[in-house]
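S.K.: Fold the following.
(chains A and B)
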Protein chains: 2
Amino acid sequence: MMISHTLTVELGDRSYPIYIGEDLLGQTDLISNHIHGSSAVIVSNTTVAPLYLDKITNALDQANIRHDLVILDDGEKFKTIDSVLTIVETLLNHRHDRKSTVIALGGGVVGDIAGFAASIYQRGIHFIQIPTTLLSQVDSSVGGKTGVNHPLGKNMIGAFYQPQCVIVDTSTLTTLTTRELSAGLAEVIKYGLIYDATFFDWIEQHAEALMKGKNEFLALAILTSCRIKAEIVAQDERESGIRAILNLGHTFGHAIETKMGYGNWLHGEAVAAGMVMAADLSLRHGWIKQEVKKRTVALLGKCSLPVMAPRNMSTGDYMDIMSIDKKAVNGTIKFVLLKALGEAIVTSNYNPELLKLTLIKC
Amino acid sequence: MMISHTLTVELGDRSYPIYIGEDLLGQTDLISNHIHGSSAVIVSNTTVAPLYLDKITNALDQANIRHDLVILDDGEKFKTIDSVLTIVETLLNHRHDRKSTVIALGGGVVGDIAGFAASIYQRGIHFIQIPTTLLSQVDSSVGGKTGVNHPLGKNMIGAFYQPQCVIVDTSTLTTLTTRELSAGLAEVIKYGLIYDATFFDWIEQHAEALMKGKNEFLALAILTSCRIKAEIVAQDERESGIRAILNLGHTFGHAIETKMGYGNWLHGEAVAAGMVMAADLSLRHGWIKQEVKKRTVALLGKCSLPVMAPRNMSTGDYMDIMSIDKKAVNGTIKFVLLKALGEAIVTSNYNPELLKLTLIKC
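M.R.: Next up is the predicted model:
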């Protein structure tokens, strides 16, 4: 029960700490120290609540903090405005005031929904994030993106909203399935690809230990991932420039998720296939060497991630979905592509013929 | 067709101008200069659209800006999350991207709904406000409060979100009913009461000209009101302190609106009665002189505003509704009360017995 790493995300008066360590949920004052009022609503889902909810309610009880619960169904398909309104109604029914805090206990979906609910309730109340999947620990911990899907597009409704703190308890990873651990590693690999070749080397070296769930390696992978993301986000909180490189593989990936139905491909799986497509398109432009694509495919494969797009998607399927992507401006699709291992750019300056080849061949 | 006053609301990188003048909607480049993409959605209602929509679409056409429309039903009862989702769906159906702009053409309700929709679409797109009622010109122009009602409480869902600019065309006031003009004057009088005794004197002197809709007097009243509000908001954008004095009369007023059903009492009318109650409670504590309450009642009366609460509301009605008000913290109701003409405080330090007397006698 101890914090092994603390990282501060620097965002001026919206700065906040990320605590990383084993059995942090057992450290009762860690949560309550970040609650300023006398009440909270815990948002979790039917998978995570039976495992870890007791630890949170116990911590709140000890600190004499009144709490209510919202247990959502598990899955991306419940990432809807209706789930947000359920949380708002619980807050209203139990007369939670402006000093109340929303605590998100679960993966990225729970965090996105709960964070958005916190951002709009009474125009914004406090929010604590306790991500319990590797993907959410390395992705949602930093950046303040919250929101829900719309039948016409993923993450189309939301807000930029920063938490009071993020608590990453690596012990929660022991209950993850291998498939989910892999999905999280896809994003870890992404940070190496876009920003830090040395980190990419380190992941290659320790892929086996990471896949086996070795705690100290996972803690370091999470720390480095969050640090890289924090560095990028600090430069561009509202994603008007460089921050977009974090979306490597995501434009292709979102198209895959949308076409295959939310939740059938895990987000990390779709991003893995999308990163291969991005590497392929970069290679076709002559921007990276064959070796970089090969190492990308090999490392993703080592982590049991898909390295090919689903067979039943046509070029038209991709183009239809990608042209409505949030990154599209005036109908032109922007892609994050690689200039080297550890260096990414956002560009609409690519050859559409090469894009077609990537869509057909990957 | 000219800008008679320009006021900049200073909020760092979220600063924006308010333009005040006659027939500004005829000045086509004023709107288009503040649109950075190539598309917009105009949100208006069934009352305002027939009067002024043409001017806006004309301005956009001249600047070659693609535009779509959302025409809402008129009234506070349509200030719901469903109206927000209608706007989001229009944005999605017509593939508006992140560079698109939402233009709100109408009173406070239209501005609140459209501003909130702009704040959550793709986590925030640009927003231009064209308030067409006196109330919205002196209130919603400054402060960035957007949001909608919930059956369990007014303005319970929303965001702080600043526009690119506000265009106050005083010519639009010629189509207001006297009742709506009066409702707007309630907020103008409020600024004098809480912040500027000299402005209160000026309103007393020119009440007749204002009620007659004389343009140069209205423009000055709007300018001074916005300037006072901007000074207060600049000190406290997210309402953690002094900004709350802007709610003079609003805690009582919201209770009246909620109990009587949204829209049956105009917001300004409820606030007028609420300000009399606040003055009465201040007087009972010996904080202001009898004369201040008398002048308040007299000026509101001169502007054809109610100076008494509805007869059918009990003390219990008020207490039930006020205890869930956003300004209540841990169940304690805070009130904005007067320390003198032109000076207000926010306090939970009042005598509950005197509060009861105010609720019974006003």
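
S.K.: Using CSV, list the CA coordinates for stretch A:269-288.
M.R.: C-alpha atoms of stretch A:269-288 as CSV (Å, rounded to 0.1, in the frame of the first residue of the first chain):
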residue,chain,number,x,y,z
GLU,A,269,-7.4,-3.3,-30.9
ALA,A,270,-8.8,-0.9,-33.5
VAL,A,271,-6.0,1.6,-32.7
ALA,A,272,-3.4,-1.2,-33.2
ALA,A,273,-4.7,-2.0,-36.6
GLY,A,274,-5.0,1.7,-37.3
MET,A,275,-1.3,2.3,-36.3
VAL,A,276,-0.3,-0.4,-38.8
MET,A,277,-2.3,1.5,-41.4
ALA,A,278,-0.7,4.8,-40.5
ALA,A,279,2.8,3.2,-40.6
ASP,A,280,1.9,1.7,-44.0
LEU,A,281,0.8,5.0,-45.4
SER,A,282,3.9,6.8,-44.0
LEU,A,283,6.0,4.1,-45.6
ARG,A,284,4.3,4.5,-49.0
HIS,A,285,5.2,8.2,-48.9
GLY,A,286,8.8,7.3,-48.2
TRP,A,287,8.7,9.0,-44.8
ILE,A,288,9.8,6.0,-42.7
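
S.K.: Figure out how far it is from the centre of its chain.
M.R.: Mean-position distance between stretch A:269-288 and its chain equals 20 Å (Cα atoms, centre = their mean, to the nearest Å).

S.K.: can you check stretch A:219-230 too?
M.R.: Centroid separation for stretch A:219-230 versus its chain: 12 Å, with Cα atoms, centre = their mean.

S.K.: contacting residues around the longest helix along chain A?
M.R.: Ranked by residue count and defined by DSSP state H, the top helix of chain A is helix A:215-235. For helix A:215-235, the external contacting residues (Cβ atoms under 8 Å, 6 or more residues apart in numbering or on different chains) are A:4-5, A:7, A:9-11, A:18, A:20-22, A:134, A:137-139, A:141-144, A:168, A:170-171, A:173, A:185, A:187-188, A:191, A:195-196, A:199, A:202-203, A:206, A:209-210, A:241-243, A:245-246. Any C-beta I mention is one placed from the backbone N, CA and C, and that applies to glycine too.

S.K.: and it, what's its mean pLDDT?
M.R.: Averaged over helix A:215-235, pLDDT sits at 94.

S.K.: How about stretch A:44-59?
M.R.: Average pLDDT, stretch A:44-59: 97.

S.K.: Name the residues of that stretch that are buried.
M.R.: By neighbour count on 16 or more other Cβ atoms under 10 Å in any protein chain shown, the buried set for stretch A:44-59 is A:44-45, A:47-49, A:51-53, A:55-56, A:59.

S.K.: A:Gly147 looks like it's in a strand, true?
M.R.: Yes. Counting by DSSP: H, G, I helix; E, B strand; the rest coil, one finds A:Gly147 located in a strand.

S.K.: Beta-bridge partners for it, please?
M.R.: A:Gly158 (DSSP bridges).

S.K.: ok, now which ones touch it?
M.R.: Residues near A:Gly147 by Cβ under 8 Å, 6+ apart: A:112, A:116, A:155-159, B:120, B:123.

S.K.: before we move on, the earlier item: now, which of the contacts of helix A:215-235 lie within strands?
M.R.: Among the contacts of helix A:215-235, the members falling in strands (DSSP state E) are A:4-5, A:7, A:9, A:18, A:20-22, A:168.

S.K.: which two in those are spaced the farthest apart?
M.R.: Using Cβ to Cβ, the pair of the ones in strands among the contacts of helix A:215-235 lying farthest apart is A:Val9 and A:Glu22, separated by 21.4 Å.

S.K.: quick one, which of those two is more surrounded?
M.R.: The neighbour comparison of A:Val9 against A:Glu22 (other Cβ atoms under 10 Å in any protein chain shown) goes to A:Val9, with 24 against 19.

S.K.: how close does the more buried one sit to chain B?
M.R.: Computed as Cβ to the nearest Cβ, to the nearest Å, the A:Val9 to chain B distance reads 18 Å.

S.K.: list the contacts for that residue?
M.R.: A:15-18, A:142, A:162, A:226, A:230, A:233-234.
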